[in-house]
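Student: Model the following, please.
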Amino acid sequence: MAALGGDGLRLLSVSRPERQPESAALGGPGPGLCCWVSVFSCLSLACSYVGSLYVWKSELPRDHPAVIKRRFTSVLVVSSLSPLCVLLWRELTGIQPGTSLLTLMGFRLEGIFPAALLPLLLTMILFLGPLMQLSMDCPCDLADGLKVVLAPRSWARCLTDMRWLRNQVIAPLTEELVFRACMLPMLAPCTGLGPAVFTCPLFFGVAHFHHIFEQLRFRQSSVGSIFLSAAFQFSYTAVFGAYTAFLFIRTEELRTKAAALRTARTLPNNNGPHFCLLNCWGTT
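Tutor: Residues are numbered from 1 along each chain as shown. Below you'll find the model as predicted:
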């Protein structure tokens, strides 16, 4: 796996400020300034992503189709502009890893097939246990699920459902672009590759706390349940974010992480490891 993204991996490692002490002598930013710029850039991206969800004033809940469509527009605009933040970071820090911006963010053709298939297979193996348990406990449910997956009508219904598109398409793609492809290249030169794997998901996990305010606003549950749910969501997204960050550094292929994230979102739901098409309206 390391060979799949070896060039970019070495470039990110060599770009660490502590390995380039001559930058301060040449008038460039020191390691401390580089870290501050990196952290501030990541915070700006996270705030911009979450803030874009609330630029539209509405009294409707987040699952209303009109709200979902507006938020699609917002996050797509922010995601499209997020690479500019990486460009600005490179100019401010003076870190030039000797590779193009697209390559740094994981857009490349070299080794695309093993880089896409192997992590996807690994992610599916993680859910093999629950699926085997389902096949033994409720074989009819698994068989029915496979029939639904293979039915074109089920896919057509999902592709016209705004909640399914949000949970399975737009959210995974935009989150991986902003919180992984843009943030990891900025954090790795500051913290190193290993710490970046565990630091980057914290921005992703904290970004989910905005759901607390909406749930309190619409009184969707008790206060204790809302905060407990938010804590669990933070823990899960942080752990899985570290997993996808590790895949990104090992393969440096953005599409790998998007596919893995879609797989992990699709297989489990609140009722167990059923396929997403059994419940076209997705998870919340």
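Student: by contact count, what packs against whichever helix or strand Gly145 is part of?
Tutor: Element membership for Gly145 (DSSP states H and E) is helix 139-149. Contact here means 3 or more Cβ pairs under 8 Å, 6 or more residues apart in numbering; DSSP states H and E; on that basis helix 139-149 packs against helix 128-137. Quick note: C-beta positions are derived from backbone N, CA and C, even for glycine.
Student: Run the chain-centre distance for the helix holding Gly145.
Tutor: 29 Å (Cα atoms, centre = their mean, to the nearest Å).
Student: Report the buried residues of it.
Tutor: Within helix 139-149, the residues scored as buried using 16 or more other Cβ atoms under 10 Å are Asp141, Leu142, Gly145, Val148.
Student: likewise stretch 45-63?
Tutor: Buried residues in stretch 45-63, counted by 16+ other Cβ under 10 Å: Leu45, Ala46, Ser48, Tyr49, Val50, Ser52, Leu53, Arg62.
Student: Tell me the one among the residues you listed nearest to Leu81.
Tutor: Nearest to Leu81 among the buried residues of stretch 45-63 is Ser48, at 8.1 Å by Cβ to Cβ.
Student: how close does that closest one sit to Thr160?
Tutor: Distance of Ser48 to Thr160, computed by Cβ to Cβ, to the nearest Å: 29 Å.
Student: Output whichever helix or strand Glu175 is part of in PDB with nothing but the alpha carbons.
Tutor: Per DSSP H and E, Glu175 falls inside helix 171-176. C-alpha atoms of helix 171-176 as PDB (Å, rounded to 0.1, in the frame of the first residue of the first chain):
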ATOM      1  CA  ALA A 171     -22.100  14.800   2.100                       C
ATOM      2  CA  PRO A 172     -19.400  12.200   1.600                       C
ATOM      3  CA  LEU A 173     -17.800  13.800  -1.400                       C
ATOM      4  CA  THR A 174     -17.800  17.400  -0.100                       C
ATOM      5  CA  GLU A 175     -16.600  16.300   3.400                       C
ATOM      6  CA  GLU A 176     -13.800  14.300   2.000                       C
END
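Student: heads up, I number from 718, so please use that
Tutor: New numbering, starting at 718: the last item is helix 888-893.
Student: Neighbours of the residue nearest to Phe926 when sequence neighbours are not counted, how many?
Tutor: In space, and not counting its chain neighbours, Phe926 is closest to Ala947: 5.8 Å by Cβ to Cβ, 6 or more residues apart in numbering. Neighbour count for Ala947, taken as other Cβ atoms under 10 Å: 17.
Student: Now do the SS call for Ala947.
Tutor: Secondary structure assignment for Ala947 (DSSP: H, G, I helix; E, B strand; the rest coil): helix.
Student: still on that earlier bit, same list (the buried residues of stretch 762-780) but as JSON lines, adding pLDDT.
Tutor: JSON lines is the format used below for those (pLDDT from 0 to 100):
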{"residue": "Leu762", "pLDDT": "95"}
{"residue": "Ala763", "pLDDT": "94"}
{"residue": "Ser765", "pLDDT": "95"}
{"residue": "Tyr766", "pLDDT": "95"}
{"residue": "Val767", "pLDDT": "93"}
{"residue": "Ser769", "pLDDT": "94"}
{"residue": "Leu770", "pLDDT": "91"}
{"residue": "Arg779", "pLDDT": "87"}
